[in-house]
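Asks: 3D model of this:
(one chain, ligands or ions: 7)
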Amino acid sequence: MSGGGPLGRPALLFLLLVAAIPFFGSAVSIDAARTQLLMREKMMQLGGQLVLTEQEELANERLMALKKAEVTQAMKIQNFPPSMHFFQAKNLIEKSEVFNILKKMPKGAALHVHDFGILSMSWLVTNVTYRPHCHFCITPKGALKFKFAYPTPPTPLAAECSEWVLLEKYRKEMQNVTEFDSGLLKNFTLMTENPEVDYANQNIVWSKFQRIFFTISGLVHYAPVFRDYVFQALEEFYQDNVLYLELRAMLFPVYELNGTIHDQEWSVRTYREVACMFAKKHPGFIGLKLIYSDHRMRNVSFIMKSVQRAMMLRNTFPRMVAGFDLVGHEDTGHSLYDYREALMIPSLHGVKLPYFFHAGETDWQGTSIDRNLLDALLLNSTRIGHGFALTKHPAVWADSWKKNIPIEVCPISNQVLKLVSDLRNHPAAVLMATGYPMVISSDDPAVFGAKGLSYDFYEAFMGIGGMAADLRTLKQLAMNSIKEREHKQGEQQREREKQAPR
Ligand SMILES: *[C@@H]1O[C@H](CO)[C@@H](O)[C@H](O)[C@H]1NC(C)=O
Ligand SMILES: *[C@@H]1O[C@H](CO)[C@@H](O)[C@H](O)[C@H]1NC(C)=O
Ligand SMILES: *[C@@H]1O[C@H](CO)[C@@H](O)[C@H](O)[C@H]1NC(C)=O
Ligand SMILES: *[C@@H]1O[C@H](CO)[C@@H](O)[C@H](O)[C@H]1NC(C)=O
Ligand SMILES: *[C@@H]1O[C@H](CO)[C@@H](O)[C@H](O)[C@H]1NC(C)=O
Ligand SMILES: *[C@@H]1O[C@H](CO)[C@@H](O)[C@H](O)[C@H]1NC(C)=O
Ligand SMILES: [Zn+2]
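Replies: Ligands and ions are numbered 1, 2, ... in the order given. Below you'll find the model as predicted:
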């Protein structure tokens, strides 16, 4: 081909240039606009306004390089741990370099954890069930139950449990103790190889969840074990770089070998003593507080009494008892609105009883249970446990933000208890992107096969926050958990000053 015909080379070049110039020109302005949008979103997200020190910037670069490598690799072979069930992801997570950095990082406080779900269950098997005078029986429904006693306690009613068997004697006559012990451990956690098959729906997983607490109750409420449990649990969190805890505690009766039963004041005092002793041996440890909790299966008149007990306990132990909450499966329990009469008692008497309600731990939008979020707000909850459904309630969302009510996000708990399967789809992703105040916690890590806070921080950092989350996010999360605590202490200080005689 020769000359500059209509489709000759120079003409083609010209056409390309004509087409490319405006395209290139608009690309520049699109780029600027994109950058601006990205910057705006970066400022909005949780921790986005934090300014890192030079050293922190350097650390952030390294952390983000590792994170990027892990995410890129996971995208390639589609094995991203936060999108898998935790039971199947756990081994992968433990191999992650990001996870190992998270373990070493200061994580502040664990503000949403429950009394007997916080210490690795293997400790119960290898230490507690090997103590002398440990008996077990099996209920008609097949659940294990334990009791320390000497001499052997009388046989329970057949409708309740089988004969008591002394574990020490039973183990001596056994063929394979290792096998038996691993069976015990299976009774103490939800861990299984096929969670999707074994826990087909929320009710099934919740019933096993509750059975676990029923089973370990006789172990952890034995006075010598109770003390050791609290100490060891603090140790496990301290090892994970957590320096302060607020425990939702039911304060069930603690018993001695001879059958003596202690009251709730004894339990609170013991928590206080153990935390004190622990603090002496562990530099930097800040402490432990209790959020007295009752079960949402209870009727209104029962909860009226427990609200009054909470007021009394807080009055007796103002520095130990932070407030009150209601626990248990939200979907099948009473709503906060059902309990309104009971929950209004403190304010009617002019008494301050801070609330820390579990609310919105549900997928059932628009039900009476889902409205717990409204009532948590109206009852001035200091924080909201889970708040999983918060993004479905724009008005509550706006008001609770205005009142600076943080949510306590527990990613692994929400996944194992079947509210969400892929943690990239956790609703906290929206809240994190908009900078809503939140803390990360682990609920009952021991029951889920996790430990401390690091596994949940990993899921939040990698899955919920995605590539947008960086060191600022982590720093903000840790700061939020401590700020929450200081805020409350300041408030208590003011209260004490008000009450002090002049
Ligand atoms: C259990 O642990 C405690 C320390 O918490 C220790 O004193 C005790 O000897 C251990 N018991 C057994 C049976 O391992
Ligand atoms: C005991 O059971 C475990 C599996 O639970 C098995 O690995 C081990 O070989 C068994 N030991 C004996 C002595 O049979
Ligand atoms: C619980 O323990 C009992 C008694 O050791 C055992 O037979 C059973 O298999 C265990 N349950 C599970 C789910 O492993
Ligand atoms: C029961 O045991 C506890 C703790 O060992 C002890 O303080 C208490 O005096 C005992 N009570 C009776 C009635 O023996
Ligand atoms: C509430 O529950 C308690 C114990 O669970 C029971 O004794 C009481 O009768 C119940 N009250 C009402 C009004 O149902
Ligand atoms: C919640 O706080 C508001 C505003 O401070 C107050 O009017 C209301 O009585 C409080 N409600 C309860 C139940 O404490
Ligand atoms: Zn909880």
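
Asks: what residues does the protein put near ligand 4?
Replies: 256, 258, 260 (C-beta under 6 Å from any ligand atom). C-beta here means a position set from N, CA and C on the backbone, and glycine is covered the same way.

Asks: of these, which belong to strands?
Replies: Among the residues of the chain next to ligand 4, none falls in strands (DSSP state E).

Asks: now, which of the residues you listed lie close to ligand 2?
Replies: Applying C-beta under 6 Å from any ligand atom to those, one finds that nothing falls near ligand 2.

Asks: compare those and tell me which is most surrounded.
Replies: For the residues of the chain next to ligand 4, counting by other C-beta atoms under 10 Å, the largest number of neighbours falls to E256: 13 neighbours.

Asks: my read: it touches A223, true?
Replies: Yes - between E256 and A223 a contact is recorded at 5.2 Å, counting by C-beta atoms under 8 Å.

Asks: overlap in contacts, the two.
Replies: Contact criterion C-beta atoms under 8 Å, 6 or more residues apart in numbering; residues shared by E256 and A223: H262.

Asks: returning to what we had before: reformat the residues of the chain next to ligand 4 as a markdown table; add distance to K280 and pLDDT.
Replies: Below are those laid out as a markdown table (distance: C-beta to C-beta, whole Å; pLDDT from 0 to 100):
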| residue | distance to K280 | pLDDT |
| --- | --- | --- |
| E256 | 26 | 98 |
| N258 | 30 | 95 |
| T260 | 28 | 97 |
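
Asks: now tabulate the residues you listed in JSON lines and tack on distance to F80.
Replies: Below are the residues of the chain next to ligand 4 laid out as JSON lines (distance: C-beta to C-beta, whole Å):
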{"residue": "E256", "distance to F80": "50"}
{"residue": "N258", "distance to F80": "54"}
{"residue": "T260", "distance to F80": "52"}
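
Asks: could you show me where the strands are in the protein, in order?
Replies: Using DSSP E, strands in the chain cover 109-114, 134-138, 144-148, 165-166, 244-249, 254-255, 261-262, 287-295, 321-327, 358-359, 384-386, 407-409, 438-440.

Asks: per-residue pLDDT of K488, please?
Replies: Per-residue confidence (pLDDT) for K488: 56.

Asks: what about P106, neighbour count?
Replies: 13.

Asks: so what's it closest to, chain neighbours aside?
Replies: Closest residue in space to P106, ignoring its immediate chain neighbours: N241 at 5.1 Å, by C-beta to C-beta, 6 or more residues apart in numbering.

Asks: make CSV out of the strands of the chain and add mean pLDDT.
Replies: Shown next, in CSV, are the strands of the chain (pLDDT from 0 to 100):
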stretch, mean pLDDT
strand 109-114, 98
strand 134-138, 98
strand 144-148, 98
strand 165-166, 97
strand 244-249, 98
strand 254-255, 98
strand 261-262, 98
strand 287-295, 98
strand 321-327, 98
strand 358-359, 98
strand 384-386, 98
strand 407-409, 98
strand 438-440, 98
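
Asks: ligand 2 is nearest to which of those strands?
Replies: strand 144-148 (17.7 Å; C-beta to the nearest ligand atom).

Asks: strands paired with that closest one, and their directions?
Replies: Note on strand 144-148: by DSSP bridges, its sheet partners are strand 134-138 (antiparallel).
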